[in-house]
Structures are given as C-alpha cells and as structure tokens.
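> A predicted structure for the sequence below; I have some questions about it.
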Amino acid sequence: MNNFQDIISFKALYNANRQCLKGKRTKKEAIDYQLNLGVNLTDLHYRLKYQKYRIEKYYCFMIHDLKEREIQAISYEDRIVQRAVCDGYLTPLLQRHLYFYNVACRKDKGTSLAMNYLKESLQAMWVKYINEFYAIKIDIKKFFDSMDHNIIKEKLKIIIADVFILQLLETIIDSYHHENQKGLPMGNQTSQSFCAFIFK
C-alpha cells in the first residue's frame, strides 16, 4: 500500500480486523464488533477518510515483566486502525530506514539475532584488543514516557510525503501524552515502530 486511500479502504480494514481477531475471538469487545462488522467498518472508513477519526480513550492496567509496568491499551476498533496502518504502510516503510541489527519487534529478527551479533562482536573485539575494551549495557529510564512528539513528527515528515497519512499518524501520536507533549502508550502497535525509528 502506497497511499492513504489504500490504508483506509474497506478491504484493508477488513483484513486488519481478521488479524486483530487472532487470539481475541472469545473476547466480548471483539464479538460485539463482529455482530455489525459491515456497518462498523464502513463507519470507521468514513471517519478516517474525512479526518474525523480519534482514539477516544486508553484504559490502563499493570503487568509484572521483571519489573512492574503500566500498559495503556486501546479499544478493539482502534487496534484495527493501528493494524491497518502498521501492516499496510508504516512497518514496511520503516524497515528500509532501520539499522540492520535493530531487532526489536521486527519480523524474522529478534533476540536470537541480537545475541549472535553480540557474540560475534565480542569475539572480534577480543581478537583485536585482547582485554582492553569495554562493553556497556544501558537501559533508558521511562523510555516510552520520554518520547518527544515533535521530534517523532519531524522525523516522519522526512520520509512520508502523503499529508493524509501524516495527519493520521499525528492524530495517533497526540492521542496520548505522559507530560509536556512527551510519551507514547506502551499498548499501541505504532509506538514500537516510532521508537525503533527514532533510534535507528
């Protein structure tokens, strides 16, 4: 998909809905949406087409993954939009601009590739420098909360010419903030892509 109309077409939204259903078929929100699927997707299409679409609200919950994290989640319909945008346009576009060994949330990559690259790099450094080199492990505190909306938007403008796609992405970016126009919700599919792109 190369343009806004392709991303928001009924076909693209229908396919995105099918992807969102995986593992969610027994969830009430997903079931309710399917009961009037044609009407719901048509309404969603026209809200997107005429720039009326907004993410209404986020609901938050805590998970315990090594440390406690708050996840900001969106509605089933909003997940359809994010799936259509990411699968149909954003992810393929950003793949061309990311560092090869940026492996987070990328198809056919992941931690195994990162571990192999780290091992090869350490071995090469050992051969060259013996024990006179350093490896630094870092973690960025409040990583998602620190993402600056304006920086993300300006970087996207460099690689995206379609003004309607940019408007939709900016709507998603500005739908949530932690403080001072900074912060991305951890439950958004787009957040993973934006963060990877910022640190390409």
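Now that the structure is in, tell me what you want to look at. For clarity, every value in this text was computed on a predicted model and none was experimentally measured.
> may I see the buried residues of stretch 111-118?
For stretch 111-118, a neighbour-count test (16 or more other Cβ atoms under 10 Å) marks nothing as buried. To be clear about C-beta, it is placed using only N, CA and C from the backbone, and glycine gets the same treatment.
> outside of it itself, list whatever touches it.
The set of residues external to stretch 111-118 that reach it, using Cβ atoms under 8 Å, 6 or more residues apart in numbering, is 101, 103.
> name the SS class of Lys107, please.
At Lys107 the chain is in coil, as set by DSSP: H, G, I helix; E, B strand; the rest coil.
> got a pLDDT number for it?
If you check Lys107, the pLDDT there is 77.
> the chain should start at 35 in everything you say after this.
Shifting the count to begin at 35 puts that one at Lys141.
> I'd like the distance between it and Cys120.
According to Cβ to Cβ, to the nearest Å, Lys141 and Cys120 sit 12 Å apart.
> which of these two has more neighbours?
When Lys141 and Cys120 are compared for neighbours, Cys120 comes out ahead with 21 against 7, by other Cβ atoms under 10 Å.
> neighbours of the spatially closest residue to the more buried one that is not a sequence neighbour, how many?
The shortest distance from Cys120 to any non-neighbouring residue, by Cβ to Cβ, 6 or more residues apart in numbering, is to Gln223 (4.9 Å). Gln223: 20 surrounding residues under other Cβ under 10 Å.
> so for stretch 121-137, what gets flagged as buried?
For stretch 121-137, by 16+ other Cβ under 10 Å, it's 121-125, 127-128, 132, 136-137.
> sorry, slip of the keys, the one I care about is stretch 65-79.
67, 74-75, 78-79.
> nearest to Lys45 among the buried residues of stretch 121-137?
Looking at the buried residues of stretch 121-137 and their distance to Lys45, the nearest is Gly122, at 10.0 Å (Cβ to Cβ).
> thinking that closest one is in contact with Ile41, fair?
Yes - Gly122 lies in contact with Ile41 (Cβ atoms under 8 Å); the separation is 5.1 Å.
> farthest pair in the buried residues of stretch 121-137?
Applying Cβ to Cβ across the buried residues of stretch 121-137, the maximum distance is between Gly122 and Val137, 22.4 Å.
> three-state assignment of Tyr80?
Tyr80 ends up helix, using three-state DSSP.
> what's the neighbour count on it?
12.
> again with Thr224
Using other Cβ under 10 Å, Thr224 has 22 other residues around it.
> got the contact list for it?
Counting by Cβ under 8 Å, 6+ apart, Thr224 touches 116, 119-120, 124, 203, 206-207, 218.
> let's see that with 7 Å instead.
Residues near Thr224 by Cβ atoms under 7 Å, 6 or more residues apart in numbering: 116, 119-120, 124, 206.
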